[in-house]
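K.L.:
Provided below are the primary sequence and the corresponding predicted coordinates.
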Amino acid sequence: MNPPEFPAGEYVSELPIGVARRDELIGEIERLPARLHELVGGMNEAQRETRYKNWTVRQIVHHLADSHLQGSVRFRLALTEDRPAIKPYDPPRFAELADAKTGDVELSLRLLESLHGRWVLLLRSLTDPEFARTFFHPEYQREFRLDDVLAIYAHHCRHHAGQIEWLRERMK
């Protein structure tokens with residue numbers, strides 16, 4: 001059976017995003033590290049090398065750390081500068097670096113736990129006007145509002161956790 005392209009469904013913008021929905025999205029970001037520990041904690045090294053399409057479980061976990069580091073910085077830039085242009089990065093090329101291909105997933109799990117702890121503190125402190133702040137993404141040639149970016153990253157959590165969950169169900 002072929003893995004689904006979008007295990008969490010395709011991302012659809014949720015703008016406008018109200019306070020209650022923002023709280024739910026922040027909760028998803030907060031829960032990701034524990035969810036990943038659940039999903040990969042009991043896997044042996046061979047299972048962590050199982051592929052979901054192009055990436056192994058190991059690469060997916062390291063990708064989440066790489067991506068969410070970017071996300072946290074993008075929020076901070078948008079909060080401290082007016083309409084900053086962010087620097088895009090190439091996730092498939094990052095996933096081919098030695099640390100992503102061979103590094104212990106525990107490194108990224110610990111990083112995500114700390115990173116998400118800080119990020120959630122920041123997210124919970126933001127006001128409506130702060131969630132309306134933007135950054136410019138040169139790859140897409142458009143501005144992104146922080147509340148939409150919050151929803152994108154929460155979806156990103158669901159998407160990649162869904163990939164690993166799909167693989168785990170087939171490993172049994």
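P.N.:
Cool, the structure landed.

K.L.:
alpha carbons only for contacts and neighbour counts from here, please
P.N.:
Noted.

K.L.:
list the contacts of A95.
P.N.:
W55, Q59, H62, H63, K101 (Cα atoms under 8 Å, 6 or more residues apart in numbering).

K.L.:
in this protein, which helix is the longest?
P.N.:
Determined from DSSP state H, the single longest helix within the chain is helix 146-171.

K.L.:
so what does it touch, helix or strand wise?
P.N.:
helix 19-40, strand 51-52, helix 57-80, helix 128-131 (3 or more Cα pairs under 8 Å, 6 or more residues apart in numbering; DSSP states H and E).

K.L.:
out of the ones you listed, the one nearest M1 is which?
P.N.:
In terms of Cα to Cα, the element of those nearest to M1 is strand 51-52, at 11.5 Å.

K.L.:
pLDDT score assigned to P91?
P.N.:
The confidence metric pLDDT takes the value 98 at P91.

K.L.:
my bad, R22
P.N.:
Confidence at R22, expressed as pLDDT, is 98.

K.L.:
thought it was touching D148?
P.N.:
No. Using Cα atoms under 8 Å, R22 is not in contact with D148, being 9.5 Å away.

K.L.:
ok, back up a step: let me have the helices and strands packed on helix 146-171 in JSON lines, adding distance to S13 and mean neighbour count as columns.
P.N.:
Formatted as JSON lines, those follow (distance: least, Cα to Cα, whole Å; neighbours: other Cα atoms under 10 Å):
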{"stretch": "helix 19-40", "distance to S13": "13", "mean neighbour count": "17"}
{"stretch": "strand 51-52", "distance to S13": "25", "mean neighbour count": "18"}
{"stretch": "helix 57-80", "distance to S13": "17", "mean neighbour count": "20"}
{"stretch": "helix 128-131", "distance to S13": "15", "mean neighbour count": "14"}
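
K.L.:
I'd like those as CSV, with distance to E139 appended.
P.N.:
Converted to CSV, the helices and strands packed on helix 146-171 look like this (distance: least, Cα to Cα, whole Å):
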stretch, distance to E139
helix 19-40, 24
strand 51-52, 26
helix 57-80, 14
helix 128-131, 22
